[in-house]
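**Q** sequence first, then the predicted structure, then my questions.
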Amino acid sequence: MTVKDYIRTQIGELVSVSAHLNEETLETLAEEILSAPSLVLSGVGKAGLIGKKLAATFSSTGTPSIFLDPTDALHGDLGGVPEESMSLLLSHSGETKEVLRLIPHLGWTACLTSKESPLSEAVDRPVIYGKVAESGPLGLAPTSSTTTMLVVGDSLAMRVMELRGFTLEQYANSHPGGSLGGKSTLVDEVMREPVILAGNTTIARIPFILASRHEGLACVLKKDGSLFGIQTIASASRGDDTEINPTTLPKGASVSEAMKLMREKHINQIPIKDGDKIVGVVDIQSLVGLHLDI
């Protein structure tokens, strides 16, 4: 078998899991996580590694979360579990002793597991995803099972994020660095003050006005103050008429949206509007250094 064959094996198992899962149970669990003040994830071995990743995903999308190592928990770390928190326990077999020993010491509990088991019977909200075939020549290494836990857990996190109404601004605040920080930055943070042309400005003067302001775009307004069109140094130098109904973005849009529009429209700058009022301009230079990869 090839690498792609092993990928297809896991994709096939996910399709089967999606058909098997009880949607009402998942929606109920998402609502319970939403109402909990915090979430604790726990598991052993590979499932524990998935738990660490899910804790990070939930935390970054509005649900305060921690990962609790079952062994360390039974030797003092239970003291770090927030009061009234909910716990999501991960065990493919549902028979992991270290995880089972935790349950009497936790509050409201849920689990991700493959079958009816001691774990599913002991928790308040079991999620049983069904039998999955592991990928690989021996079919033993945790592959499809951990992929299932990851996908189901991430999907729960996304649903809770949606129910919470988690905003782009909140996401940006929790991802200030790296490429994610750049992608979630708002145009409000990088836009510059727009150049507004007086109604009697001649096209011949526009290149000089823009050059003096070190800008590449000027806005022409209607009598009511709304945007009529734009002029650039290049268009004014050619003597072109004002471009009417140019591409714009609303205040509060992300710089990812701005970059995508620039690429689609083959333009280098976009006026930013707050309602009908022009409040700024974003150009390609504003986005340099934000490490956008879209």
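**A** Arrived safely.
**Q** from Val3, how far out is the closest residue to Asn268 other than its chain neighbours?
**A** Leaving aside its chain neighbours, Asn268 sits nearest to Ile284 (4.7 Å; criterion: CB to CB, 6 or more residues apart in numbering). C-beta coordinates here come from the backbone N, C-alpha and C atoms, glycine included. Separation of Ile284 from Val3 (CB to CB, to the nearest Å) stands at 38 Å.
**Q** more neighbours, the two?
**A** Ile284 (15 against 7; other CB atoms under 10 Å).
**Q** thought the more buried one was touching His266?
**A** No: checked against CB atoms under 8 Å, the pair Ile284 and His266 is beyond contact range at 11.4 Å.
**Q** list the contacts of Ala110.
**A** 29, 32, 86-89, 123-127 (CB atoms under 8 Å, 6 or more residues apart in numbering).
**Q** where does this protein dip in pLDDT?
**A** 168-184, 286, 288-294 (pLDDT under 70).
**Q** in it, which spans are helices?
**A** In the chain, the segments counted as helices under DSSP state H are 3-20, 23-35, 45-60, 70-73, 97-102, 118-122, 144-164, 168-174, 178-184, 187-190, 206-213, 233-238, 255-265.
**Q** please identify which of those is closest to Ala198.
**A** Taking CB to CB, helix 206-213 is the member of these nearest to Ala198, at 9.6 Å.
**Q** gap between that closest one and the chain center?
**A** Mean-position distance between helix 206-213 and its chain equals 40 Å (CA atoms, centre = their mean, to the nearest Å).
**Q** neighbouring contacts of that helix?
**A** With CB under 8 Å, 6+ apart, helix 206-213 has contacts from 195, 197, 201, 216-218, 231-233, 236-237.
**Q** residues near Glu162, how many?
**A** 12.
**Q** ah, wrong one, I meant Val152
**A** For Val152, the count of nearby residues is 22 (other CB under 10 Å).
**Q** pretty sure it contacts Val127?
**A** Yes: between Val152 and Val127 there is a contact under CB under 8 Å: 7.0 Å.
**Q** joint contacts of those two?
**A** Contacts common to Val152 and Val127, judged by CB under 8 Å, 6+ apart, are 21, 26, 112.
**Q** right, and the first one touches Val132 too?
**A** Yep, that's Leu21 we're talking about. No: using CB under 8 Å, Leu21 makes no contact with Val132, being 11.8 Å away.
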